[in-house]
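Colleague: build me a model:
(chains A and B)
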Amino acid sequence: MAQVTLNALRKIYPNGYEAVKPASFTIEKGEFVVLVGPSGCGKSTMLRLIAGLEDITDGVLHIGERVVNSIDPADRDIAMVFQNYALYPHMTVRKNIGYGLKNRKIAKDIIHQKVEEAAHLLNLTDYLDRKPSQLSGGQRQRVAMGRAIVRDPLLFLFDEPLSNLDAKLRNQMRIEIKALQRRLGVTSVYVTHDQVEAMTMADRIIVMNGGQIEQIGTPSEVYHFPASTFVASFMGAPAMNLLDASVEQGAVVLGGQTIAALAGHGPVTVGIRPEDIVPDAHGDHAIEVTLIEELGAHRILHAIWAGQPVMVSVAKDVVAAVGPLRVAIKAAALSFFDPRTGRRL
Amino acid sequence: MKPVKFTAIVDHLILITGSLVMILPVVMLLQMASTTDLETMRNGPGLVFGDQIPVNFHKAMFEASGFSGKNTGLNMLYNSMILGFGFAIGKIVIGMMAAYAIVYFRLRFATFAFWIIFTTLLLPLEVRILPSYEIVQKLGMLNTYQGLIIPLIASATATFFFRQFFRSVPEELIEAARIDGAGPIKFFVDILVPLSRTMIAAMFIIMFVYGWNQYLWPTMITTEEGMFTLVRGIKQITQSLEGTNLPEYGKSNILQIIAILPPVLIVIFFQSWFVKGLTDSDK
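Modeller: Next up, the predicted model:
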């Protein structure tokens, strides 16, 4: 278990592309941090910088007490789980899990014991003498986990480990990984493009976009107080509604109606979560529902509000029909963004 | 009974004709090897098998031809084996190592080096035979196994195949190995070589047969009879028609059959691996 500190960590590829813009943050001991963002946002590069698979262009990286900038991946005392598992296809599960220990010249009986322990923890005991090709996706994923935990590393790194699994297995493995991490208490960095994974697993989420960190915060902070329109639209499904409005005389005006108080003057982007717009016969606002998406537990109403599309999430017992609808909004749940920079006001 | 399709008959006729074309010369060889040289000289190839195979076999394997008395069939077989195995193993080892360097190390001129190696495909030994001979001669490697094998190894086929194969090995495997603490040599030995084993088997067959069947180069490089390979030595035997001596047909025919056998056996033995190596790979 270790604290990981990044100080202005930066990656520029030889072709001049800046994959990671100077990033600084600290991951506390035992914390589970999820790096999330769309593809190409630099989250995997960030992980690979921490792993040592990419050279750091600038900045300082601490894992535990040590500066590890120029230390080989093998000596950073980390373990990594890859997206396609990266199991050695010609080795049995037992050898796959024990390979890292064998390379560290650890005595055979200790390796045997540790592999057995890890296998027991992951329910792999019956599969120890099989080859990876004889295992299912979920089992392979567990072998990859076993390879990581058997080494007792300071830090776990996960590179989209669940994206090759089907939806059901993904949910199950998500819980397993989280529970395992809790149990072992190892500091972890987890990369994903799936915001549901990020929300459910993370102690803290780091949202990245275009090589830059957009926001660092707990899942609830990121969800309720997005730092930018990017975070607002990336986190949450369906995404936060972003509406163009203007601030006039200390009030936010949308479609001729005042919806909240805000100091300043000029255009503003209003962010409101679909579940914070509530159908209400006595509501102040009128929207025009154009389409209803049935999702079982709830419904998504696609509607037009003051000429702009909005989505409204309602519970399954709310009667809704296409056509005009009166709604109320939870004023406390509104977010305001600068329309030029996209930053939160 | 199911009606026999006309196309099926045609297909089988073509296949049978093909098999006969392949098999008949071998049967002829066997027939001539089973009669005395006099009979062969008088009647040529016939339909009746004689009883001379053991006699001819003994002559072929243990009786020397030529002047030095070293040129027995057994000795030639031994030399051919050394050439076949030495060539195949040498080529695979060097090809794999070269491909490893080209694919996995960020050498400055790796691509350039690869294409330079690749161009040797355009320059087989036959094209550069005079300079090659000169070099081997100057190095004092005439009539040696090194002289026989090394110049043949210098060609890009194995490097090329292994390069293509290594490039298809997923990147994550190397990264996982790096994190697992495997250095370049460990990664090569523990992971890459076992992964390539079907590929190695396929290359081994091709290379062994190629080396075994070499004729021109061994003819040039070996002048001592003790160094003759089977393929090169057989010609020597049938040629010695001088004076009242009959050419030793029986002996040479037996040797020819023996010369066919090892490549056939190797192909049969490695067949399943061969197909695997060239079609799928369990990555």
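Colleague: how about residues contacting the worst-scoring helix or strand of chain A on mean pLDDT?
Modeller: None of the helices or strands of chain A scores lower by mean pLDDT, DSSP states H and E than strand A:257-261, at a mean of 85. With Cβ atoms under 8 Å, 6 or more residues apart in numbering or on different chains as the test, strand A:257-261 has contacts from A:245, A:250-253, A:270, A:284-285, A:306, A:329, A:331, A:334, A:336. Bear in mind the C-beta positions are built from the backbone N, C-alpha and C, glycine included.
Colleague: what would the residues you listed look like in a markdown table with secondary structure and neighbour count?
Modeller: Compiled in a markdown table, those are given as follows (DSSP: H, G, I helix; E, B strand; the rest coil; neighbours: other Cβ atoms under 10 Å in any protein chain shown):
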| residue | secondary structure | neighbour count |
| --- | --- | --- |
| A:245 | strand | 23 |
| A:250 | coil | 11 |
| A:251 | strand | 15 |
| A:252 | strand | 21 |
| A:253 | strand | 17 |
| A:270 | strand | 23 |
| A:284 | coil | 12 |
| A:285 | strand | 17 |
| A:306 | coil | 17 |
| A:329 | strand | 20 |
| A:331 | helix | 12 |
| A:334 | coil | 17 |
| A:336 | strand | 17 |
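Colleague: what about residue B:59, neighbour count?
Modeller: 20 (other Cβ atoms under 10 Å in any protein chain shown).
Colleague: just residue B:145 next, same as before
Modeller: The local packing of residue B:145 (other Cβ under 10 Å) involves 14 other residues.
Colleague: likewise residue A:169?
Modeller: For residue A:169, the count of nearby residues is 16 (other Cβ under 10 Å).
Colleague: for it, helix, strand, or coil?
Modeller: Secondary structure, DSSP: H, G, I helix; E, B strand; the rest coil: residue A:169 is helix.
Colleague: could you find the closest non-adjacent residue to it?
Modeller: residue A:138 (4.9 Å; Cβ to Cβ, 6 or more residues apart in numbering or on different chains).
Colleague: distance of the residue lying closest to residue A:323 once chain neighbours are set aside from residue B:84?
Modeller: When the adjacent residues along the chain are set aside, residue A:323 lies closest to residue A:289, with 6.1 Å between them (Cβ to Cβ, 6+ apart). Distance, residue A:289 to residue B:84, by Cβ to Cβ, to the nearest Å: 81 Å.
Colleague: try residue B:153
Modeller: As for residue B:153, its distance to residue B:84 is 13 Å (criterion: Cβ to Cβ).
Colleague: neighbour count winner among those two?
Modeller: The residue with more neighbours, out of residue B:153 and residue B:84, is residue B:84; 25 against 20, by other Cβ under 10 Å.
Colleague: can I assume that one sits in a helix?
Modeller: Yes. Under three-state DSSP, residue B:84 falls within a helix.
Colleague: rewinding a little: given the helix or strand encompassing the residue nearest to residue A:323, what are its sheet partners and their directions?
Modeller: Assigned by DSSP states H and E, residue A:289 falls within strand A:285-294. Looking at strand A:285-294 with DSSP bridges, its partner strands are strand A:298-305 (antiparallel), strand A:323-329 (antiparallel).
Colleague: any chance of the contacts of strand A:257-261 in CSV with pLDDT and distance to residue A:58 as columns?
Modeller: What follows is those, written out as CSV (pLDDT from 0 to 100; distance: Cβ to Cβ, whole Å):
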residue, pLDDT, distance to residue A:58
A:245, 91, 41
A:250, 85, 45
A:251, 88, 46
A:252, 89, 41
A:253, 88, 46
A:270, 92, 38
A:284, 86, 52
A:285, 89, 50
A:306, 88, 47
A:329, 90, 45
A:331, 82, 44
A:334, 91, 39
A:336, 92, 35
